[in-house]
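# only geometry, no sequence info:
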Ligand code: F6R
């Protein structure tokens, strides 16, 4: 069943190019056309939406945090992202003009299910993003966009996460298209960029040997920190979550801009810090700011592990370890930047003698609140 891989997790990491391509199949094409007829919420209703609320848990929540950037950029509709387990307890403001997006690989996560039930009781429409056909969350939603990752067996989510991101981008682009926002022209370009993403993920997977070697060399460490800005921040959170659950290490993700507001006090000699660097093209101010952040932590002794786009030379002097990812538009970078973090966590956990498919205390599907 593991098709020659040592673990399901390794197999599922390797399946990501296909999972991404399958999730795009029939929904986008190389000419830049987006077809999402399966989202059975009438266009008229979607045009009236004045707020999007994403609810999810764990890794799916990180996909939601990234979705916010895409939804707000391409649709100009305000978007909130909330942990499903917190959502209904704060009496959220919801009505018929609210679109709730519930993201769940299993479709059975009780916290997410209770959040969407609460949302529907208040009259909101619910769109599920789900990997499991016919599971409870899509059955109880107004519409569903399935991710086509195939069955995910390893407890730690990898390929499902990448396909959740793809689905979130599709929802954002679709909303933008239906509503005819000023980003209309950009939508065709992004659809074309998405068509190339599977190949980009494949290329990342082909360059992971140094990441594995680095992970093994850090197996004795107690803490690893992860920093990012913009969509790189949720990527940092996801990298830290993978490391916690698989390697049982203290790992934390921060928004790099928050460093000086506290976390920089944690930096000490030889502390590994993974930094996810946005593209130097596009939002270049963001890029320059994170380069200064890398300089600041390195000056305080951190061992910097820098994930940066191919051709980004500005980071080279400050990177103790440099991991290259293919150039993508800023918003899509999580699709390539997350992959080295998955490989890193899997290899580090294995080096520590942990069972990566079945981490202690965790279950694949959390069906209690
Ligand atoms: C982390 C992980 C969990 C799940 C979370 C939600 O690797 O797998 O954090 O992402 O329990 O599960 P689903 O997506 O099934 O609702």
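Arrived safely, thanks for sending. On a predicted model such as this, the values are computed, not experimentally measured, just so you know.
# show me what residue of the protein gets nearest to the ligand.
residue 58 (1.8 Å; C-beta to the nearest ligand atom). C-beta: built from backbone N, CA, C; applies to glycine.
# how about the nearest residue to that residue, chain neighbours excluded?
Spatial nearest neighbour of residue 58, excluding adjacent residues (C-beta to C-beta, 6 or more residues apart in numbering): residue 241 at 6.8 Å.
# in three-state terms, label the one you found for me.
Judged by DSSP: H, G, I helix; E, B strand; the rest coil, the three-state class of residue 241 is helix.
# wait, residue 257 touches residue 227, no?
No. In this structure residue 257 lies outside contact range of residue 227 using C-beta atoms under 8 Å: 9.3 Å.
# overlap in contacts of the two?
Taking C-beta atoms under 8 Å, 6 or more residues apart in numbering as the contact criterion, the common neighbours of residue 257 and residue 227 are residue 293.
# can you get me a residue count around the closest residue to residue 99 other than its chain neighbours?
If you skip the residues right next to it in sequence, residue 99 has residue 49 as its closest partner in space, 4.5 Å away by C-beta to C-beta, 6+ apart. By the measure other C-beta atoms under 10 Å, the count of residues near residue 49 is 19.
# was I right about residue 49 contacting residue 98?
Yes. The pair residue 49 and residue 98 passes the contact test of C-beta under 8 Å, sitting 7.2 Å apart.
# now the common contact residues for those two.
Overlap between the neighbourhoods of residue 49 and residue 98 consists of residue 125, taking contacts as C-beta under 8 Å, 6+ apart.
# okay, residue 257 and residue 227: which has more neighbours?
Neighbour comparison, residue 257 and residue 227: the larger count goes to residue 227, with 31 against 16 (by other C-beta under 10 Å).
# contacting residues for the more buried one?
Residues near residue 227 by C-beta under 8 Å, 6+ apart: 236, 253-256, 259, 273-276, 290, 293, 297.
# so which bits of the helix or strand of the chain with the lowest mean pLDDT are buried?
Evaluated with mean pLDDT, DSSP states H and E, the helix-and-strand set of the chain has its lowest mean pLDDT in helix 184-195, which scores a mean of 84. The neighbour-count check on helix 184-195 (16 or more other C-beta atoms under 10 Å) flags 186, 187, 188, 190, 191, 193, 194, 195 as buried.
# now swap in stretch 67-80 and tell me
Of the residues in stretch 67-80, those buried by neighbour count under the rule 16+ other C-beta under 10 Å are 67, 68, 69, 70, 71, 73, 74, 75, 77, 79, 80.
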